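>>> Dropping a prediction and its sequence here:
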Amino acid sequence: MKDELQMRGGILGGLVPLLILVCGLVWLSVTERGGTKPFWACAWVAIAVGIFFAKNPKEYCRALMRGIGDKTGIVIVTAWLFAGVFGELMKAGGLVNGLLWMGMTTGAQGAVFVVMVFLAAMLFSLGTGTSTGTCIALSPVLYPAGIFLGADPAFLALAILSGAAFGDNLAPVSDTTIVSAYTQGATMREVVRSRFPLSMSAAIIAGMVFAVCGGGGQVSTLPAIKAQLDPVGLVMLLSLAVVVVTSLAGRHIIEALIYGNISAALLGMLTGRIRPGTLFSIPEKRGISTGLIENGVNSVVGAIIFAILILAVTQILVESGIMRRILETAEQAVVKTIRQAEAFIVGITLLASIPISANAPAELLVGPSLVKPMGKKFRLAAARRANLMDCSVCTLFFTLPWHIAVAAWYGAVYAAAQQYNIAVPSISAALYNPYSWSLLAVLAFSIATGWNRKMIPEGGEEESEEYLDEQ
């Protein structure tokens, strides 16, 4: 086992980078000066100050590099590069104009449109299994359209984040679903089938919140946006379908996004909205954009750099042994009943997910070592253990600004708002994520009443035969 990173001051010393990062994010957000680029400075200061608490600065730097090179982070960064271009192509193809036309002609405005955005994000994330990809792909299109149609800025943005959390929680291709099932010895079919009532109950509650609170914004007058109304732009939804269908077919999210980019470019050219030269061409002067591809990549640079810095900071937290000490302390808790065992599983998973920027690693941290033995002790079925753990990492995780999914969401919303010169909520709005809090309430109800609880039959095996066959 690799030696822990030794920090002066023990746990407090290891927490210094995270505390500096969080305080900086909160400060900028409260003063309404937040944004992915201003947040860079907070992470930079956190990393720079942290090195003075490290007993071995060389190992501290190596830990930072391991965090930056994290496999999950690299996948997310790569997905961002293609999702950024995808969003740019969808806008250039007129999808926002098409959605505006739909909203104006059907009356899907205000809160109604916010509910539609929530459903769209649910479907997209369910098909792709990626919360970050959902936020990055949908925000550039749906956020500005919703603002023009009278949606509340905060709840409109939260509808995208909530839908993204839903897919991360339930999608069979989601990394959290895969990790939760694998660590507990459950089949994917068992996990998804038994988790559906939990996820959908939370989604229904969140949908009602959006229906009540999603309106109240200013609907743009028809003369002001008449030139932007164009039903032809809705053709671009076919590119969105390409991404979802390709992902549902089991292809990698990067592959799905590449196909989506290509189809969006082709559709845009067929409708006359995009010319080959607008995709890429030699600019007349140095410093001028080469086209939509460059603009798309540039739109996600801020979020990418912030995500990389976050991964570096949280790696220090893991390698300094803080998580191990927290878990050892929690393991000493006295658990005597099934309800207490389930509450312990939820609590310890929540605790692990709070400081770490990605939720699948949090499951890996507690799944084999704590959740599985505790659940087996009280004969909780493998799927039940997996569901308690997976639902937990999709609650508070999607409310805290130092997590990658929230950073990606806010970066995409902020960039869209800047491009259209429209209102943007503070990153602190994530703290009110309706789906996350609804899912936490559903979990509490399930633990208290035993609803959706499954037990291992007397004489049953630890893992199901189906799971063993899948391996």
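Now that the structure is in, tell me what you want to look at. This one's a predicted model, so the numbers in the text were calculated from it and none came from an experiment.

>>> per-residue confidence at Met188?
At Met188, the predicted lDDT confidence score is 75.

>>> what's the answer for the one 3 residues further on, then?
Here the pLDDT value assigned to Val191 is 86.

>>> number of nearby residues for the closest residue to it other than its chain neighbours?
Leaving out its chain neighbours, the residue that sits closest to Val191 by C-beta to C-beta, 6 or more residues apart in numbering is Ala181, at 4.5 Å. (Glycine included, C-beta is placed from N, CA and C.) Residues within reach of Ala181, counting by other C-beta atoms under 10 Å, total 28.

>>> now Ala181: how far from Leu396?
Per C-beta to C-beta, to the nearest Å, Ala181 is found 22 Å from Leu396.

>>> same deal with Ala417?
From Ala417 to Leu396 the distance is 26 Å (C-beta to C-beta).

>>> Next: Met200.
From Met200 to Leu396 the distance is 20 Å (C-beta to C-beta).

>>> The nearest residue to Ala381 once chain neighbours are set aside: what's it in contact with?
In space, and not counting its chain neighbours, Ala381 is closest to Lys454: 3.8 Å by C-beta to C-beta, 6+ apart. Shown here is Lys454, whose contacts under the criterion C-beta atoms under 8 Å, 6 or more residues apart in numbering are 194, 380-381, 383-384.

>>> Check Pro140 and give its pLDDT.
The predicted local confidence for Pro140 is 80.

>>> unless I'm mixing things up, it is touching Ala416, no?
Yes: if you go by C-beta atoms under 8 Å, Pro140 and Ala416 touch, sitting 4.7 Å apart.

>>> coming back round to it: and the contacts of Lys454, which of them are buried?
Neighbour counting by 16 or more other C-beta atoms under 10 Å classes 194, 380-381, 383-384 among these as buried.

>>> Between Pro140 and Ala416, which has more neighbouring residues?
Pro140 (29 against 25).

>>> So which residues of the stretch 201-350 of the chain form helices?
222-225, 237-248, 253-270, 276-279, 292-299, 301-319, 322-331, 338-353 (DSSP state H, counting those that start in this stretch).

>>> and the angle for the longest one with helix 292-299?
Just to be clear, that refers to helix 301-319. 40 degrees (axes from the mean of the first three to the mean of the last three C-alpha atoms, to 10 degrees).

>>> Kindly state the pLDDT recorded for the residue nearest to Val191?
We note a pLDDT of 84 for Ala181 in this prediction.

>>> Using the three-state scheme, assign it.
Following DSSP: H, G, I helix; E, B strand; the rest coil, the label given to Ala181 is helix.

>>> residues in contact with it?
187-188, 190-191, 383, 386.

>>> As TSV, the helices of the stretch 201-350 of the chain with mean neighbour count and distance to Glu88 would be great.
Converted to TSV, those look like this (neighbours: other C-beta atoms under 10 Å; distance: least, C-beta to C-beta, whole Å):
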stretch	mean neighbour count	distance to Glu88
helix 222-225	10	21
helix 237-248	19	12
helix 253-270	20	9
helix 276-279	14	10
helix 292-299	19	4
helix 301-319	23	13
helix 322-331	16	38
helix 338-353	21	32
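
>>> Please name whichever of the ones you listed is nearest to Ser162.
helix 338-353 (17.1 Å; C-beta to C-beta).

>>> Which secondary structure elements does the closest one sit against?
Counting contacts by 3 or more C-beta pairs under 8 Å, 6 or more residues apart in numbering; DSSP states H and E, helix 338-353 packs against helix 322-331, helix 359-366, helix 372-377, helix 382-392, helix 434-449.

>>> Let me know which of those helices is the nearest to Val235.
For Val235, the closest of these is helix 434-449, at 30.2 Å, according to C-beta to C-beta.

>>> what are the C-alpha coordinates of that closest one, in PDB please?
What follows is helix 434-449, C-alpha atoms only, in PDB (Å, rounded to 0.1, in the frame of the first residue of the first chain):
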ATOM      1  CA  PRO A 434     -34.500  20.000  -6.000                       C
ATOM      2  CA  TYR A 435     -33.700  16.500  -7.300                       C
ATOM      3  CA  SER A 436     -30.900  16.100  -4.800                       C
ATOM      4  CA  TRP A 437     -32.900  17.100  -1.800                       C
ATOM      5  CA  SER A 438     -35.900  15.100  -3.000                       C
ATOM      6  CA  LEU A 439     -33.800  12.000  -3.400                       C
ATOM      7  CA  LEU A 440     -32.400  12.500   0.100                       C
ATOM      8  CA  ALA A 441     -35.900  12.700   1.500                       C
ATOM      9  CA  VAL A 442     -36.900   9.600  -0.500                       C
ATOM     10  CA  LEU A 443     -33.900   7.700   1.000                       C
ATOM     11  CA  ALA A 444     -34.900   8.800   4.500                       C
ATOM     12  CA  PHE A 445     -38.500   7.600   4.000                       C
ATOM     13  CA  SER A 446     -37.300   4.300   2.500                       C
ATOM     14  CA  ILE A 447     -35.000   3.700   5.500                       C
ATOM     15  CA  ALA A 448     -37.700   4.600   8.100                       C
ATOM     16  CA  THR A 449     -40.500   2.600   6.600                       C
END
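
>>> how far does stretch 21-39 stretch from start to finish?
Stretch 21-39 has an end-to-end distance of 8 Å (C-alpha to C-alpha, to the nearest Å).

>>> how far does stretch 429-447 sit from the chain's center?
Centroid separation for stretch 429-447 versus its chain: 15 Å, with C-alpha atoms, centre = their mean, to the nearest Å.

>>> what residues does it touch?
With C-beta under 8 Å, 6+ apart as the criterion, stretch 429-447 contacts 154, 157-158, 161-163, 165-166, 169, 198-199, 201-203, 205-206, 209-210, 339, 342-343, 346, 388, 391-392, 394-401, 406, 409-410, 451-453.

>>> Could you identify the buried members of these?
154, 157-158, 161-163, 165-166, 169, 198-199, 201-203, 205-206, 209-210, 342-343, 346, 388, 391-392, 394-401, 406, 409-410, 452-453.

>>> And stretch 171-189, what's buried?
171, 173-188.

>>> Please tell me how far the residue nearest to Lys55 when sequence neighbours are not counted sits from Leu156.
Spatial nearest neighbour of Lys55, chain neighbours left out: Gln6 (4.2 Å); criterion: C-beta to C-beta, 6+ apart. Between Gln6 and Leu156 the distance is 46 Å, computed by C-beta to C-beta.

>>> out of those two, which sits in the more crowded spot?
Using other C-beta under 10 Å as the criterion, Gln6 and Leu156 rank with Leu156 on top: 31 against 17.

>>> if I pick the more buried one, what's in contact with it?
Residues near Leu156 by C-beta under 8 Å, 6+ apart: 113-114, 117, 142-143, 146-147, 214, 217.

>>> re the thing from before, the helices of the stretch 201-350 of the chain into CSV, with extra columns for distance to Ala360?
Formatted as CSV, these follow (distance: least, C-beta to C-beta, whole Å):
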stretch, distance to Ala360
helix 222-225, 42
helix 237-248, 17
helix 253-270, 14
helix 276-279, 35
helix 292-299, 26
helix 301-319, 13
helix 322-331, 15
helix 338-353, 10
